[in-house]
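S.K.: what follows is a predicted protein model with its sequence.
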Amino acid sequence: MHELGITQNLLNLAVQYAEPAGARRITALHLVIGELSSVVDDSVRFYWEFLSQGTIAQGAALHFERIPATFECRDCGAVFPRNANFMCPACRSDRVQVKQGEEFYLKSIEVEE
Amino acid sequence: MPEIPVIRNIMSINDALAAAVRRQLDAAGVLALNIMASPGAGKTSVIMRTVETLKSEMTIAALDGDIATVDVEKIARTGIRVALINTGGNCHLDANMMTSALSSLDLTGVDLLLVENVGNLICPAAFELGTHYNVVIASVPEGDDKPYKYPAMYRGADVLLLNKIDMLPYQEFDLAYFRHGVEVLNPGLAFLPLSARTGEGFDAWLDWVRAAVARQRASIAPSGKPGVSQA
Ligand SMILES: [Zn+2]
């Protein structure tokens, strides 16, 4: 449900970049979102339909680039997807760390001038 | 169709507001804590016990993000300044709500501001408030798998309290498993097991608060340069 606030931030950010570029319309947004960011795509789309109405971003397509969460073992160097116990599946070490999955940014927008 | 590169955190607009809140708090010499937990983990009881013990040493105020006034009334009975942040049923506080809530709270002479966030482990993690530290409260009855299920909340924590440790003998709670998940997500995170009911472990938490308040005071007093650095 926090997607409402997130989507509002997203819309404001897109407009903030489109207006100085002289864009008449925003036609698409490219988002990069890591698995650890806990954002539900469908929920963002739902709020987007509603919030973008009457703005220069009305009807813009949302493209989600999803980055899976991965962990890295500090003992054997293995890189592996998130699992239930945060342990290295290769050497069973518990000395692991988060490698990726926290991405949460607007990469670019497509506009009509 | 032209493409404009952006590459900015989606929350950058909220974060700019949060930075303004931080400057306001620093200018007032206030150390602010964002207290997050799932419902029933004991946010209000930790706050109550903290206030009851520390209010003779420092001036404390509270902001309570809630849809009901039950907790606010409880906190108000301790005699400190408290204001409700009406979230309108929202699942988290954000920097914008903080901005308006601060305008309704007199910060004069306040040393410590406790901000009680809305109870859940997902949504509050996405929104910086401008507070100095994120305090996450877990509790024994919730189970030992919470870090594995809600990684974002634990990634963003500056201090972690494990409440209701008086219930450890009666619950299946693997402390080592819990700590392992926390350590992977947030290496070296300050971890303070305690019970707001019995008071066990509470002194370590109070000392953590005292030290944070002292750092904020020290950062303002001698040089006239407000602001604490956040690790
Ligand atoms: Zn390994």
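M.R.: Done, it's in. Residues are numbered from 1 along each chain as shown, chains lettered A, B, ... in the order given.
S.K.: so the residue in chain B that the ion sits nearest to versus residue A:87, what's the distance?
M.R.: Taking C-beta to the ion, the ion has its nearest neighbour within chain B at residue B:184, 12.7 Å off. The way it works is simple: take the backbone N, C-alpha and C, and place the C-beta from them, glycine included. Applying C-beta to C-beta, to the nearest Å, the value for residue B:184 to residue A:87 is 9 Å.
S.K.: so what touches the lowest-mean-pLDDT helix or strand in chain B?
M.R.: Ranked by mean pLDDT, DSSP states H and E, the weakest helix or strand in chain B is helix B:70-76, scoring a mean of 83. Helix B:70-76 is contacted by residues B:44, B:47-48, B:51, B:62, B:64, B:66, B:82-84, B:116 when judged by C-beta atoms under 8 Å, 6 or more residues apart in numbering or on different chains.
S.K.: how about those in TSV, adding neighbour count, distance to residue B:128 and secondary structure?
M.R.: Listed next are the contacts of helix B:70-76 as TSV, based on neighbours: other C-beta atoms under 10 Å in any protein chain shown; distance: C-beta to C-beta, whole Å; DSSP: H, G, I helix; E, B strand; the rest coil:
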residue	neighbour count	distance to residue B:128	secondary structure
B:44	22	23	helix
B:47	27	20	helix
B:48	18	26	helix
B:51	19	24	helix
B:62	28	19	strand
B:64	30	19	strand
B:66	19	20	strand
B:82	23	22	strand
B:83	17	20	strand
B:84	21	21	strand
B:116	26	16	strand
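S.K.: what secondary structure does residue B:115 sit in?
M.R.: Three-state assignment for residue B:115 (DSSP: H, G, I helix; E, B strand; the rest coil): strand.
S.K.: and for the one 4 residues further on?
M.R.: Secondary structure for residue B:119, judged by three-state DSSP, is coil.
S.K.: next one, pLDDT for it please.
M.R.: Residue B:119 carries a pLDDT score of 87 in this model.
S.K.: residue B:123 too?
M.R.: Taking residue B:123 on its own, its pLDDT is 83.
S.K.: what about the helices in the chain?
M.R.: No chain specified, so I'll use chain A. Along chain A, counting by DSSP state H, helices occupy A:3-18, A:41-51.
S.K.: that was the other one, I meant chain B.
M.R.: For chain B, applying DSSP H gives helices covering B:12-27, B:43-54, B:70-76, B:95-103, B:146-149, B:151-155, B:175-185, B:202-220.
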